[in-house]
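Participant: Sequence first, predicted model second:
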Amino acid sequence: MSLVDERTTITRRVLRPTDPTGRYRVHDGQQLNWYQRQMFALIRNGFDHYRFQLTRGRLRTGLNMLVGVLLGMTVAVFLLWLIQVGFGGMLRATGLLELLERPEVATLIMDSLLYVAALTGIVLLYLPWRLTFTDHPIDRICDIQTGGCRVLLGRLDSIFQQRSLWLVATLLGGMIGLHMGLLYFTHDHLGLELDATLEGCFVLAMDSLLHGVLFDFCELNNWHLATPVAHSRVSAAVFLIFRLVQDGLIGYAIYLCWQRGRLQRMFTDYPQDRREFKEFCNWLRTICDERRLGLRRFPDEYMFLQAARSFLLGCYDEVRLLDSNFQLLKVTPPVRELFRKPGDPPVVNVGKNSSTRELHATLVP
């Protein structure tokens, strides 16, 4: 495939959801070059996607979170059950119980494995947390549903996307399931006198969750879902750990919901016509200047939108100025390479350690 054909293919792929013909309504006599049209399509497609994510409805978001909690609980209890059944079956199959002649040793080993599994589950919370909620660079991504490309706005993407809330809900359900599983599968039920059924352990775990979330308000007013229990040192430490982790997850879910509600206001005056170039640029300026939206809390994304608006309007000197003052912006080379004029080198610098061989082959006119 020649460079011209390959470039044409990329153009159709990017512009398909926004404007198949590539004819935008541009005022003041401005003519958009190929790179400006690509940038406009990427940003427009990205905000169209985020607007769709935010307007799906609160009921659907709540149902997704409920499904996440139930899924996390089920998986956690099932894993602890596998440990108990698998280890117990191994002891019976190998005859170690008869060799030890001390069933309490096997019970101690079983309980220790359950404690280690629960502690490992708490520690492993860091992995999905890091993959989802840490800083991500501004990138472009191909949307499988629409067949086009859109911009990926770094940390804002984790707030706009519903999968973030779903993941937090799943992790919270996993913590409830681990707590319930420890109460049910340990031989002494953490040293507590309780209803040793699965339902009773679930109610006690939820009672502990409510006390942790409401900062002991329920306990001070003697409100309980389950019968109050007298804690030992071990059970008190276990309950405290689970309360702290669950409080952190619920607090982060509230923060995400607050940010989503705050950012949803930016789409109040969102241009409906996808080919209104000037109105879209004015809308970008409005959301960047609006302090109530809090975009300045996300410096990389905020400065990128400022630079993109200046580039779309043909203010290349402003883009160079922003790039020289903010060289540590986390923007991937595929997006940086679009900040250029036909036949000229990129307006912004590309990372020295980034490979752009394929990019040069497709974007250089």
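Facilitator: Done, it's in. Residues are numbered from 1 along each chain as shown.
Participant: make it CA atoms for all contacts and neighbour counts henceforth
Facilitator: Noted.
Participant: Give me the buried stretch members for the longest helix along the chain, please.
Facilitator: Identified as the longest helix of the chain according to DSSP state H is helix 58-94. For helix 58-94, the neighbour count (16 or more other C-alpha atoms under 10 Å) marks 61, 64-77, 79-81, 83-84, 87 as buried.
Participant: And stretch 251-263, by the same measure?
Facilitator: Applying 16+ other C-alpha under 10 Å to stretch 251-263 flags Ala253, Leu256, Cys257, Gln259, Arg260, Leu263 as buried.
Participant: Would you mind putting those into JSON lines with distance to Tyr115, pLDDT and secondary structure alongside?
Facilitator: Listed next are these as JSON lines, based on distance: C-alpha to C-alpha, whole Å; pLDDT from 0 to 100; DSSP: H, G, I helix; E, B strand; the rest coil:
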{"residue": "Ala253", "distance to Tyr115": "27", "pLDDT": "87", "secondary structure": "helix"}
{"residue": "Leu256", "distance to Tyr115": "31", "pLDDT": "84", "secondary structure": "helix"}
{"residue": "Cys257", "distance to Tyr115": "33", "pLDDT": "85", "secondary structure": "helix"}
{"residue": "Gln259", "distance to Tyr115": "36", "pLDDT": "83", "secondary structure": "helix"}
{"residue": "Arg260", "distance to Tyr115": "37", "pLDDT": "83", "secondary structure": "helix"}
{"residue": "Leu263", "distance to Tyr115": "41", "pLDDT": "81", "secondary structure": "helix"}
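Participant: from those residues, which is closest to Leu284?
Facilitator: Nearest to Leu284 among those: Leu263, at 13.3 Å, using C-alpha to C-alpha.
Participant: May I see the buried residues of the helix or strand harbouring Asp323?
Facilitator: Asp323 is located in helix 316-325, with elements delineated by DSSP states H and E. Across helix 316-325, burial judged by 16+ other C-alpha under 10 Å covers Tyr316, Val319, Arg320, Leu322, Asp323.
Participant: now stretch 31-42
Facilitator: Residues Leu32, Trp34, Tyr35, Gln36, Arg37, Gln38, Met39, Phe40, Ala41, Leu42 are the ones in stretch 31-42 that count as buried (16+ other C-alpha under 10 Å).
Participant: Secondary structure and distance to Ala118 for these - can I get that in TSV?
Facilitator: TSV is the format used below for those (DSSP: H, G, I helix; E, B strand; the rest coil; distance: C-alpha to C-alpha, whole Å):
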residue	secondary structure	distance to Ala118
Leu32	coil	58
Trp34	helix	55
Tyr35	helix	52
Gln36	helix	52
Arg37	helix	52
Gln38	helix	49
Met39	helix	47
Phe40	helix	48
Ala41	helix	47
Leu42	helix	44
